[in-house]
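> Dropping the sequence and predicted coords here.
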Amino acid sequence: MNEAIRTAPPVPLQTADIPIVSVVVPTFNERDNVTTLYRRLEATFKDVPWEVVFVDDNSPDGTWQVVRELSRNDNRVRGIRRIGRRGLSGACIEGILAASAPFAAVIDADLQHDETQLPKMLSLLQSGAAELVVGSRYIAGGSAASFDSKRAGASAFATEIARRALKVEVNDPMSGFFMIRRDRFEEIAPKLSTQGFKILLDIIASAEGGLKTVEVPYTFGSRLHGESKLDSMVALDFLGLVLAKMTNDVVSLRFLLFAMVGGTGLVVHLVTLFLGLNAFDLPFAEAQALGAFVAMTSNFILNNFLTYRDQRLKGFAILRGLLAFYLVCSVGLLANVGVAFSVYDQEPIWWLAGAAGALMGVVWNYAISGLFVWRK
Ligand code: GDD
Ligand code: MN
(Lines give C-alpha, C1' and ligand atoms only; values in the text may rest on other atoms or scores of the structure.)
(Ligands and ions follow the chains in the order given, each with its own letter.)
Protein backbone atom coordinates (compact mmCIF):
# COMPACT_ATOMS: atom_id res chain seq x y z
CA MET A 1 0.00 0.00 0.00
CA ASN A 2 1.15 3.49 -0.74
CA GLU A 3 2.90 4.97 2.36
CA ALA A 4 0.99 8.23 2.13
CA ILE A 5 -2.32 6.43 2.11
CA ARG A 6 -1.38 4.16 4.98
CA THR A 7 -0.31 6.94 7.32
CA ALA A 8 -2.96 9.47 6.35
CA PRO A 9 -5.21 10.26 9.31
CA PRO A 10 -8.85 9.44 8.69
CA VAL A 11 -10.81 12.45 7.56
CA PRO A 12 -13.30 13.12 10.34
CA LEU A 13 -16.87 12.93 9.19
CA GLN A 14 -19.20 15.78 9.92
CA THR A 15 -21.68 14.42 12.47
CA ALA A 16 -24.41 15.83 10.29
CA ASP A 17 -23.42 13.33 7.60
CA ILE A 18 -23.56 10.19 9.71
CA PRO A 19 -26.84 8.53 8.82
CA ILE A 20 -29.49 8.09 11.49
CA VAL A 21 -31.63 5.94 9.25
CA SER A 22 -30.70 3.40 6.60
CA VAL A 23 -33.32 2.56 4.05
CA VAL A 24 -32.91 -0.95 2.66
CA VAL A 25 -34.44 -1.59 -0.75
CA PRO A 26 -34.51 -5.14 -2.14
CA THR A 27 -34.61 -5.09 -5.91
CA PHE A 28 -35.14 -7.54 -8.70
CA ASN A 29 -35.75 -6.08 -12.15
CA GLU A 30 -36.58 -2.60 -10.90
CA ARG A 31 -34.42 -0.59 -13.28
CA ASP A 32 -37.13 1.96 -14.03
CA ASN A 33 -38.13 2.48 -10.40
CA VAL A 34 -34.95 2.97 -8.40
CA THR A 35 -34.18 6.53 -9.47
CA THR A 36 -37.69 7.71 -8.68
CA LEU A 37 -37.52 6.07 -5.27
CA TYR A 38 -34.14 7.68 -4.59
CA ARG A 39 -35.54 11.12 -5.45
CA ARG A 40 -38.53 10.57 -3.23
CA LEU A 41 -36.32 9.52 -0.32
CA GLU A 42 -34.25 12.62 -0.82
CA ALA A 43 -37.39 14.76 -0.69
CA THR A 44 -38.67 12.90 2.39
CA PHE A 45 -35.57 13.19 4.56
CA LYS A 46 -35.03 16.92 4.46
CA ASP A 47 -33.50 17.35 7.93
CA VAL A 48 -32.44 13.80 8.71
CA PRO A 49 -29.12 12.27 7.66
CA TRP A 50 -29.97 9.09 5.81
CA GLU A 51 -28.57 6.48 3.47
CA VAL A 52 -30.10 3.95 1.15
CA VAL A 53 -28.81 0.43 0.57
CA PHE A 54 -30.11 -1.26 -2.55
CA VAL A 55 -29.74 -5.04 -2.49
CA ASP A 56 -30.02 -6.40 -5.99
CA ASP A 57 -29.94 -10.09 -6.94
CA ASN A 58 -28.05 -9.54 -10.16
CA SER A 59 -31.18 -8.44 -12.01
CA PRO A 60 -31.11 -9.30 -15.72
CA ASP A 61 -32.46 -5.81 -16.47
CA GLY A 62 -29.30 -4.30 -14.96
CA THR A 63 -30.90 -2.59 -11.95
CA TRP A 64 -27.54 -2.72 -10.17
CA GLN A 65 -26.00 -0.60 -12.93
CA VAL A 66 -28.53 2.15 -12.37
CA VAL A 67 -27.84 1.93 -8.63
CA ARG A 68 -24.10 2.12 -9.26
CA GLU A 69 -24.63 5.30 -11.25
CA LEU A 70 -26.67 6.83 -8.42
CA SER A 71 -24.01 5.92 -5.88
CA ARG A 72 -21.29 7.57 -7.93
CA ASN A 73 -23.15 10.85 -7.66
CA ASP A 74 -24.31 10.60 -4.07
CA ASN A 75 -22.44 8.72 -1.37
CA ARG A 76 -25.64 8.25 0.64
CA VAL A 77 -26.45 5.59 -1.94
CA ARG A 78 -24.95 2.12 -1.72
CA GLY A 79 -25.58 -0.95 -3.80
CA ILE A 80 -25.05 -4.60 -3.00
CA ARG A 81 -25.04 -6.83 -6.04
CA ARG A 82 -25.58 -10.45 -5.05
CA ILE A 83 -24.64 -13.18 -7.46
CA GLY A 84 -25.97 -16.73 -7.29
CA ARG A 85 -28.56 -15.92 -4.65
CA ARG A 86 -32.22 -15.09 -4.92
CA GLY A 87 -34.72 -14.21 -2.30
CA LEU A 88 -36.46 -11.24 -0.82
CA SER A 89 -35.91 -12.13 2.84
CA GLY A 90 -32.21 -12.85 2.38
CA ALA A 91 -31.74 -9.57 0.51
CA CYS A 92 -33.43 -7.60 3.29
CA ILE A 93 -31.36 -9.30 5.99
CA GLU A 94 -28.15 -8.62 4.15
CA GLY A 95 -29.11 -5.00 3.57
CA ILE A 96 -30.00 -4.33 7.20
CA LEU A 97 -26.79 -5.97 8.39
CA ALA A 98 -24.83 -3.77 5.98
CA ALA A 99 -26.59 -0.63 7.20
CA SER A 100 -24.59 1.81 9.27
CA ALA A 101 -27.42 3.72 10.94
CA PRO A 102 -28.99 2.76 14.29
CA PHE A 103 -32.39 2.49 12.59
CA ALA A 104 -33.10 0.53 9.45
CA ALA A 105 -36.17 0.57 7.23
CA VAL A 106 -37.19 -1.86 4.51
CA ILE A 107 -39.24 -0.56 1.60
CA ASP A 108 -40.14 -1.96 -1.83
CA ALA A 109 -38.53 -0.40 -4.88
CA ASP A 110 -41.72 -0.22 -6.91
CA LEU A 111 -43.22 2.68 -4.93
CA GLN A 112 -46.16 0.65 -3.63
CA HIS A 113 -45.14 1.61 -0.10
CA ASP A 114 -45.57 5.18 1.13
CA GLU A 115 -42.14 6.61 1.83
CA THR A 116 -43.61 9.77 3.36
CA GLN A 117 -44.39 7.65 6.46
CA LEU A 118 -40.69 7.07 7.11
CA PRO A 119 -40.02 10.19 9.23
CA LYS A 120 -42.97 9.34 11.48
CA MET A 121 -41.71 5.76 11.80
CA LEU A 122 -38.25 7.06 12.67
CA SER A 123 -39.49 9.37 15.40
CA LEU A 124 -41.44 6.51 17.00
CA LEU A 125 -38.20 4.54 17.22
CA GLN A 126 -36.11 7.50 18.35
CA SER A 127 -38.48 8.39 21.15
CA GLY A 128 -38.38 4.81 22.41
CA ALA A 129 -42.12 4.41 21.82
CA ALA A 130 -41.30 1.41 19.65
CA GLU A 131 -38.51 -0.99 18.69
CA LEU A 132 -40.31 -1.98 15.52
CA VAL A 133 -42.68 0.15 13.45
CA VAL A 134 -44.83 -1.61 10.88
CA GLY A 135 -46.42 0.12 7.91
CA SER A 136 -49.90 -1.37 8.07
CA ARG A 137 -52.61 -1.69 5.45
CA TYR A 138 -55.06 -3.30 7.83
CA ILE A 139 -55.62 -0.68 10.50
CA ALA A 140 -57.80 2.43 10.43
CA GLY A 141 -56.38 4.88 7.93
CA GLY A 142 -54.58 2.20 5.91
CA SER A 143 -55.73 0.33 2.84
CA ALA A 144 -54.77 -2.19 0.20
CA ALA A 145 -57.29 -0.95 -2.32
CA SER A 146 -54.91 -1.61 -5.20
CA PHE A 147 -55.20 -5.38 -4.60
CA ASP A 148 -57.50 -7.36 -6.86
CA SER A 149 -59.96 -9.60 -5.07
CA LYS A 150 -57.86 -12.76 -5.50
CA ARG A 151 -54.75 -11.17 -4.03
CA ALA A 152 -56.77 -9.50 -1.29
CA GLY A 153 -58.26 -12.87 -0.34
CA ALA A 154 -54.88 -14.60 -0.29
CA SER A 155 -53.40 -11.82 1.81
CA ALA A 156 -56.26 -11.94 4.30
CA PHE A 157 -56.02 -15.75 4.51
CA ALA A 158 -52.26 -15.72 5.11
CA THR A 159 -52.62 -12.96 7.69
CA GLU A 160 -55.21 -15.03 9.53
CA ILE A 161 -52.97 -18.12 9.49
CA ALA A 162 -50.03 -16.12 10.81
CA ARG A 163 -52.06 -14.51 13.54
CA ARG A 164 -53.54 -17.78 14.73
CA ALA A 165 -50.62 -20.12 14.24
CA LEU A 166 -47.89 -17.85 15.52
CA LYS A 167 -50.02 -15.81 17.91
CA VAL A 168 -48.93 -12.65 16.17
CA GLU A 169 -50.81 -9.59 17.32
CA VAL A 170 -49.71 -7.21 14.59
CA ASN A 171 -52.54 -6.49 12.15
CA ASP A 172 -50.37 -6.64 9.05
CA PRO A 173 -47.56 -9.16 9.65
CA MET A 174 -47.27 -9.74 5.87
CA SER A 175 -46.23 -6.15 5.30
CA GLY A 176 -42.95 -5.63 3.51
CA PHE A 177 -42.70 -2.07 4.87
CA PHE A 178 -41.22 -1.52 8.33
CA MET A 179 -38.49 0.13 10.37
CA ILE A 180 -36.55 -1.50 13.20
CA ARG A 181 -33.81 -0.70 15.70
CA ARG A 182 -30.70 -2.22 14.22
CA ASP A 183 -29.38 -3.49 17.58
CA ARG A 184 -32.57 -5.51 18.13
CA PHE A 185 -32.40 -6.78 14.58
CA GLU A 186 -28.82 -7.98 15.06
CA GLU A 187 -29.95 -10.11 18.03
CA ILE A 188 -32.70 -11.75 16.00
CA ALA A 189 -30.85 -12.07 12.69
CA PRO A 190 -29.20 -15.46 13.33
CA LYS A 191 -32.65 -17.05 13.72
CA LEU A 192 -34.10 -15.68 10.52
CA SER A 193 -34.69 -17.70 7.40
CA THR A 194 -33.09 -16.27 4.30
CA GLN A 195 -35.54 -18.08 2.07
CA GLY A 196 -38.92 -16.71 1.31
CA PHE A 197 -40.76 -13.44 1.22
CA LYS A 198 -42.01 -12.89 4.73
CA ILE A 199 -39.16 -11.24 6.55
CA LEU A 200 -41.33 -9.14 8.86
CA LEU A 201 -43.38 -12.12 10.00
CA ASP A 202 -40.16 -14.02 10.64
CA ILE A 203 -38.75 -11.12 12.69
CA ILE A 204 -41.89 -10.89 14.79
CA ALA A 205 -42.12 -14.65 15.33
CA SER A 206 -38.42 -15.02 16.09
CA ALA A 207 -38.06 -12.17 18.58
CA GLU A 208 -37.72 -13.70 22.01
CA GLY A 209 -39.81 -11.82 24.51
CA GLY A 210 -41.29 -9.84 21.65
CA LEU A 211 -40.60 -6.44 20.21
CA LYS A 212 -42.35 -3.27 21.25
CA THR A 213 -44.31 -2.71 18.07
CA VAL A 214 -46.34 0.20 16.75
CA GLU A 215 -48.25 0.18 13.47
CA VAL A 216 -48.69 3.22 11.27
CA PRO A 217 -51.35 3.14 8.57
CA TYR A 218 -50.53 3.61 4.91
CA THR A 219 -52.16 3.00 1.56
CA PHE A 220 -50.62 0.24 -0.54
CA GLY A 221 -50.33 1.85 -3.96
CA SER A 222 -49.93 0.51 -7.47
CA ARG A 223 -46.61 -0.58 -8.86
CA LEU A 224 -44.88 2.17 -10.90
CA HIS A 225 -43.07 0.05 -13.53
CA GLY A 226 -42.46 -3.67 -14.03
CA GLU A 227 -44.28 -6.60 -12.46
CA SER A 228 -44.66 -8.38 -9.13
CA LYS A 229 -42.33 -11.28 -8.32
CA LEU A 230 -44.79 -12.99 -6.00
CA ASP A 231 -45.87 -16.35 -7.42
CA SER A 232 -47.39 -19.58 -6.17
CA MET A 233 -44.10 -20.59 -4.53
CA VAL A 234 -44.67 -17.80 -2.05
CA ALA A 235 -47.51 -19.81 -0.53
CA LEU A 236 -45.22 -22.77 0.02
CA ASP A 237 -42.52 -20.55 1.47
CA PHE A 238 -45.02 -19.03 3.77
CA LEU A 239 -46.28 -22.38 4.94
CA GLY A 240 -42.74 -23.56 5.53
CA LEU A 241 -42.07 -20.52 7.67
CA VAL A 242 -45.20 -21.01 9.71
CA LEU A 243 -44.45 -24.69 10.22
CA ALA A 244 -40.86 -23.99 11.19
CA LYS A 245 -42.04 -21.57 13.83
CA MET A 246 -44.61 -24.04 15.08
CA THR A 247 -42.19 -26.97 15.53
CA ASN A 248 -43.27 -27.81 19.06
CA ASP A 249 -46.73 -28.47 17.85
CA VAL A 250 -45.65 -30.66 14.96
CA VAL A 251 -44.19 -33.33 17.25
CA SER A 252 -47.12 -33.18 19.68
CA LEU A 253 -49.35 -36.10 20.52
CA ARG A 254 -52.12 -34.49 18.59
CA PHE A 255 -50.04 -34.62 15.47
CA LEU A 256 -49.27 -38.30 15.97
CA LEU A 257 -52.96 -39.05 16.40
CA PHE A 258 -53.77 -37.06 13.33
CA ALA A 259 -51.17 -38.99 11.32
CA MET A 260 -52.53 -42.31 12.60
CA VAL A 261 -56.04 -41.36 11.56
CA GLY A 262 -54.53 -40.49 8.18
CA GLY A 263 -53.17 -44.05 8.04
CA THR A 264 -56.61 -45.53 8.68
CA GLY A 265 -57.86 -43.21 5.93
CA LEU A 266 -55.55 -44.94 3.49
CA VAL A 267 -57.08 -48.30 4.36
CA VAL A 268 -60.60 -46.91 4.05
CA HIS A 269 -59.68 -45.45 0.70
CA LEU A 270 -58.32 -48.72 -0.66
CA VAL A 271 -61.29 -50.74 0.57
CA THR A 272 -63.73 -48.27 -1.02
CA LEU A 273 -61.76 -48.32 -4.25
CA PHE A 274 -61.84 -52.12 -4.29
CA LEU A 275 -65.59 -52.23 -3.63
CA GLY A 276 -66.28 -49.48 -6.17
CA LEU A 277 -64.43 -51.37 -8.86
CA ASN A 278 -65.57 -54.87 -8.09
CA ALA A 279 -68.95 -54.63 -6.38
CA PHE A 280 -70.34 -51.57 -8.17
CA ASP A 281 -68.50 -51.76 -11.48
CA LEU A 282 -67.47 -48.09 -11.36
CA PRO A 283 -64.89 -46.72 -13.79
CA PHE A 284 -61.50 -46.32 -12.10
CA ALA A 285 -61.51 -42.51 -11.83
CA GLU A 286 -64.93 -42.50 -10.20
CA ALA A 287 -64.04 -45.28 -7.79
CA GLN A 288 -60.86 -43.45 -6.87
CA ALA A 289 -62.73 -40.18 -6.26
CA LEU A 290 -65.29 -42.03 -4.17
CA GLY A 291 -62.48 -43.58 -2.16
CA ALA A 292 -60.97 -40.18 -1.43
CA PHE A 293 -64.33 -38.79 -0.44
CA VAL A 294 -65.16 -41.64 1.93
CA ALA A 295 -61.65 -41.56 3.41
CA MET A 296 -61.84 -37.81 4.08
CA THR A 297 -65.20 -38.27 5.74
CA SER A 298 -64.01 -41.09 7.97
CA ASN A 299 -60.84 -39.14 8.82
CA PHE A 300 -62.96 -36.21 9.86
CA ILE A 301 -65.18 -38.33 12.08
CA LEU A 302 -62.22 -40.09 13.71
CA ASN A 303 -60.33 -36.85 14.26
CA ASN A 304 -63.39 -35.28 15.78
CA PHE A 305 -63.72 -38.19 18.18
CA LEU A 306 -60.09 -38.87 18.87
CA THR A 307 -57.58 -36.25 17.90
CA TYR A 308 -59.72 -33.29 18.87
CA ARG A 309 -61.86 -34.90 21.52
CA ASP A 310 -61.13 -31.96 23.84
CA GLN A 311 -62.64 -29.54 21.34
CA ARG A 312 -65.10 -31.82 19.61
CA LEU A 313 -67.46 -30.18 17.15
CA LYS A 314 -71.12 -30.71 17.89
CA GLY A 315 -74.44 -30.01 16.21
CA PHE A 316 -74.38 -27.66 13.27
CA ALA A 317 -70.64 -27.01 13.71
CA ILE A 318 -70.00 -30.58 12.51
CA LEU A 319 -71.30 -29.79 9.05
CA ARG A 320 -69.29 -26.57 8.83
CA GLY A 321 -66.21 -28.39 10.06
CA LEU A 322 -66.68 -31.24 7.61
CA LEU A 323 -66.90 -28.87 4.65
CA ALA A 324 -63.82 -26.99 5.84
CA PHE A 325 -62.01 -30.32 6.26
CA TYR A 326 -62.79 -31.35 2.67
CA LEU A 327 -61.35 -28.07 1.50
CA VAL A 328 -58.21 -28.36 3.62
CA CYS A 329 -57.60 -31.94 2.45
CA SER A 330 -58.06 -31.04 -1.19
CA VAL A 331 -55.37 -28.41 -0.94
CA GLY A 332 -53.26 -30.88 1.06
CA LEU A 333 -53.50 -33.30 -1.83
CA LEU A 334 -52.16 -30.66 -4.20
CA ALA A 335 -49.28 -29.96 -1.81
CA ASN A 336 -48.66 -33.72 -1.54
CA VAL A 337 -48.49 -34.22 -5.29
CA GLY A 338 -46.46 -31.04 -5.79
CA VAL A 339 -43.79 -32.03 -3.28
CA ALA A 340 -43.63 -35.65 -4.45
CA PHE A 341 -43.23 -34.43 -7.98
CA SER A 342 -40.39 -32.03 -7.20
CA VAL A 343 -38.56 -34.65 -5.10
CA TYR A 344 -38.97 -37.21 -7.87
CA ASP A 345 -37.67 -34.66 -10.32
CA GLN A 346 -34.40 -34.38 -8.40
CA GLU A 347 -34.05 -37.96 -7.24
CA PRO A 348 -36.19 -40.46 -9.16
CA ILE A 349 -36.78 -42.82 -6.23
CA TRP A 350 -40.50 -43.54 -6.19
CA TRP A 351 -40.89 -44.43 -2.51
CA LEU A 352 -38.85 -41.45 -1.31
CA ALA A 353 -40.87 -39.05 -3.45
CA GLY A 354 -44.14 -40.71 -2.39
CA ALA A 355 -43.23 -40.56 1.29
CA ALA A 356 -42.13 -36.92 1.06
CA GLY A 357 -45.42 -36.04 -0.62
CA ALA A 358 -47.47 -37.93 1.95
CA LEU A 359 -45.58 -36.25 4.78
CA MET A 360 -46.23 -32.86 3.24
CA GLY A 361 -49.90 -33.70 2.89
CA VAL A 362 -50.35 -34.85 6.47
CA VAL A 363 -48.42 -31.90 7.90
CA TRP A 364 -50.47 -29.48 5.85
CA ASN A 365 -53.78 -31.12 6.76
CA TYR A 366 -52.82 -31.17 10.39
CA ALA A 367 -51.59 -27.59 10.61
CA ILE A 368 -54.39 -26.03 8.64
CA SER A 369 -57.29 -28.03 10.00
CA GLY A 370 -56.04 -27.19 13.50
CA LEU A 371 -56.51 -23.56 12.60
CA PHE A 372 -59.73 -23.64 10.64
CA VAL A 373 -61.63 -26.82 11.42
CA TRP A 374 -61.02 -27.42 15.12
CA ARG A 375 -60.10 -23.90 15.99
CA LYS A 376 -60.20 -22.80 19.58
N1 GDD B 1 -33.12 -8.71 -4.02
C2 GDD B 1 -34.32 -9.24 -4.30
N3 GDD B 1 -34.40 -10.58 -4.56
N4 GDD B 1 -35.42 -8.45 -4.34
C5 GDD B 1 -36.59 -9.02 -4.63
C6 GDD B 1 -36.74 -10.39 -4.92
C7 GDD B 1 -35.57 -11.21 -4.88
O8 GDD B 1 -35.59 -12.41 -5.11
N9 GDD B 1 -38.05 -10.63 -5.18
C10 GDD B 1 -38.68 -9.44 -5.08
N11 GDD B 1 -37.82 -8.46 -4.77
C12 GDD B 1 -38.08 -7.04 -4.54
C13 GDD B 1 -38.83 -6.36 -5.67
O14 GDD B 1 -37.95 -5.86 -6.64
C15 GDD B 1 -39.56 -5.24 -4.92
O16 GDD B 1 -38.76 -4.14 -4.70
C17 GDD B 1 -39.88 -5.88 -3.58
O18 GDD B 1 -38.93 -6.94 -3.41
C19 GDD B 1 -41.30 -6.44 -3.49
O20 GDD B 1 -41.52 -7.37 -4.53
P21 GDD B 1 -42.80 -7.33 -5.46
O22 GDD B 1 -42.56 -8.29 -6.55
O23 GDD B 1 -43.15 -5.92 -5.81
O24 GDD B 1 -43.86 -7.95 -4.47
P25 GDD B 1 -45.37 -7.56 -4.27
O26 GDD B 1 -45.65 -6.11 -4.53
O27 GDD B 1 -46.18 -8.53 -5.02
O28 GDD B 1 -45.49 -7.85 -2.71
C29 GDD B 1 -45.43 -6.82 -1.78
O30 GDD B 1 -46.53 -6.90 -0.98
C31 GDD B 1 -46.54 -7.96 -0.07
C32 GDD B 1 -47.72 -7.81 0.80
O33 GDD B 1 -48.86 -8.19 0.18
C34 GDD B 1 -44.15 -6.88 -0.97
O35 GDD B 1 -44.05 -5.70 -0.20
C36 GDD B 1 -44.09 -8.01 -0.03
O37 GDD B 1 -42.95 -7.88 0.82
C38 GDD B 1 -45.33 -7.95 0.80
O39 GDD B 1 -45.33 -9.07 1.64
MN1 MN C 1 -44.69 -4.68 -5.40
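On my side now, so go ahead. Residues are numbered from 1 along each chain as shown. Ligands and ions are numbered 1, 2, ... in the order given.
> Quick check, Gly176 in contact with His113.
Yes: in this structure, Gly176 is within contact of His113 by C-beta atoms under 8 Å, at 7.2 Å. For the C-beta atoms, the positions are set from N, CA and C on the backbone; glycine is no exception.
> residues shared between the contacts of the two?
Counting by C-beta atoms under 8 Å, 6 or more residues apart in numbering, the contacts common to Gly176 and His113 are Ile107.
> in the protein, which helix or strand is least confident?
Least confident helix or strand, the chain: helix 247-250 with a mean of 52, by mean pLDDT, DSSP states H and E.
> How about the residues of the stretch 1-150 of the chain by ligand 1?
When proximity is defined as C-beta under 6 Å from any ligand atom, the stretch 1-150 of the chain approaches ligand 1 at 26-28, 30, 55-57, 86-88, 91, 108-110, 112.
> biggest separation within those, which pair?
Maximum pairwise distance among these (C-beta to C-beta): 20.2 Å, between Arg86 and Gln112.
> May I see the buried residues of the helix or strand hosting Val216?
Here Val216, judged by DSSP states H and E, is contained in strand 213-217. By 16 or more other C-beta atoms under 10 Å, the buried positions in strand 213-217 come out as Thr213, Val214, Glu215, Val216, Pro217.
> Thr194: which of those is nearest?
Closest approach to Thr194 among those (C-beta to C-beta): Thr213, at 22.5 Å.
> The closest one reaches Val170, doesn't it?
Yes: if you go by C-beta under 8 Å, Thr213 and Val170 touch, sitting 5.9 Å apart.
> if I look at the two, which residues touch both of them?
In terms of C-beta under 8 Å, 6+ apart, Thr213 and Val170 are both contacted by the residues Val134, Ile204.
> Enumerate the positions of stretch 55-66 that are buried.
Those would be Val55, Asp56, Asp57, Ser59, Thr63, Trp64, Val66, for stretch 55-66 by 16+ other C-beta under 10 Å.
> I meant stretch 305-322, not that one.
Buried residues in stretch 305-322 (16+ other C-beta under 10 Å): Thr307, Tyr308, Leu313, Gly321, Leu322.
> Dump those into a markdown table; add secondary structure as well.
Putting those into a markdown table (DSSP: H, G, I helix; E, B strand; the rest coil) gives the following:
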| residue | secondary structure |
| --- | --- |
| Thr307 | helix |
| Tyr308 | coil |
| Leu313 | coil |
| Gly321 | helix |
| Leu322 | helix |
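> Same list (these) but as JSON lines, adding distance to ligand 2 and pLDDT.
Below are the buried residues of stretch 305-322 laid out as JSON lines (distance: C-beta to the ion, whole Å; pLDDT from 0 to 100):
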{"residue": "Thr307", "distance to ligand 2": "40", "pLDDT": "82"}
{"residue": "Tyr308", "distance to ligand 2": "39", "pLDDT": "86"}
{"residue": "Leu313", "distance to ligand 2": "40", "pLDDT": "91"}
{"residue": "Gly321", "distance to ligand 2": "37", "pLDDT": "95"}
{"residue": "Leu322", "distance to ligand 2": "38", "pLDDT": "96"}
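> residues contacting Val339?
Applying C-beta under 8 Å, 6+ apart to Val339 gives the contacts Ala356, Gly357, Leu359, Met360.
> Check the gap between it and Ala162 for me.
Distance of Val339 to Ala162, computed by C-beta to C-beta, to the nearest Å: 22 Å.
> Confirm that Phe54 lies within a strand, as I assumed.
Yes: using three-state DSSP, the assignment for Phe54 is a strand.
> for the protein, what spans make up the helices?
Counting by DSSP state H, the segments of the chain that form helices are 3-7, 34-44, 63-73, 88-98, 118-126, 149-165, 182-188, 199-206, 233-245, 247-250, 253-278, 284-302, 316-346, 350-372.
> Count residues in the vicinity of Pro173, would you?
Using other C-beta atoms under 10 Å, the number of residues around Pro173 comes to 25.
> these two touch, right, Met174 and Thr159?
Yes: judged on C-beta under 8 Å, Met174 makes contact with Thr159 at a distance of 5.6 Å.
> Give me every residue in the stretch 1-150 of the chain lying close to ligand 2.
Applying C-beta under 5 Å from the ion, we find that the stretch 1-150 of the chain lies next to ligand 2 at Asp108, Asp110, Gln112.
> Pull the contacting residues for the last one.
Gln112 makes contact with Ser146, Phe220, Gly221, Ser222, Arg223, according to C-beta under 8 Å, 6+ apart.
> and if you look at Ser146?
Ser146 makes contacts with Gln112, Phe220, Gly221, Ser222, as judged by C-beta under 8 Å, 6+ apart.
> Angles on the backbone of Leu224, please.
Torsion angles at Leu224 (phi, psi; degrees, to the nearest 10) stand at phi -70, psi -70.
> again, but for the one 3 residues further on
Taking degrees, to the nearest 10, you get phi -130, psi 160 for the backbone angles of Glu227.
> Pull the number of nearby residues for it.
Glu227: 8 neighbours (other C-beta under 10 Å).
> same question, Arg151
For Arg151, the count of nearby residues is 13 (other C-beta under 10 Å).
> who's in contact with it?
Shown in contact with Arg151 (C-beta under 8 Å, 6+ apart): no residues.
> ok, now with 10 Å
For Arg151, the contacting residues are Ala144, Ser228, Leu230, by C-beta atoms under 10 Å, 6 or more residues apart in numbering.
> Same check on Phe147?
Contacts of Phe147 (C-beta under 10 Å, 6+ apart): Arg137, Gly153, Ala154, Ser155, Ala156, Phe220, Ser222.
> and the second one, how far is that from ligand 2?
Which is Gly153. Noted for Gly153: a distance of 18 Å to ligand 2, by C-beta to the ion, to the nearest Å.
> likewise the last one?
The span separating Ser222 from ligand 2 equals 9 Å under the rule C-beta to the ion.
> Then Ser369?
In terms of C-beta to the ion, Ser369 sits 32 Å off from ligand 2.
> Tell me, what's the model's pLDDT at that residue?
pLDDT, Ser369: 94.
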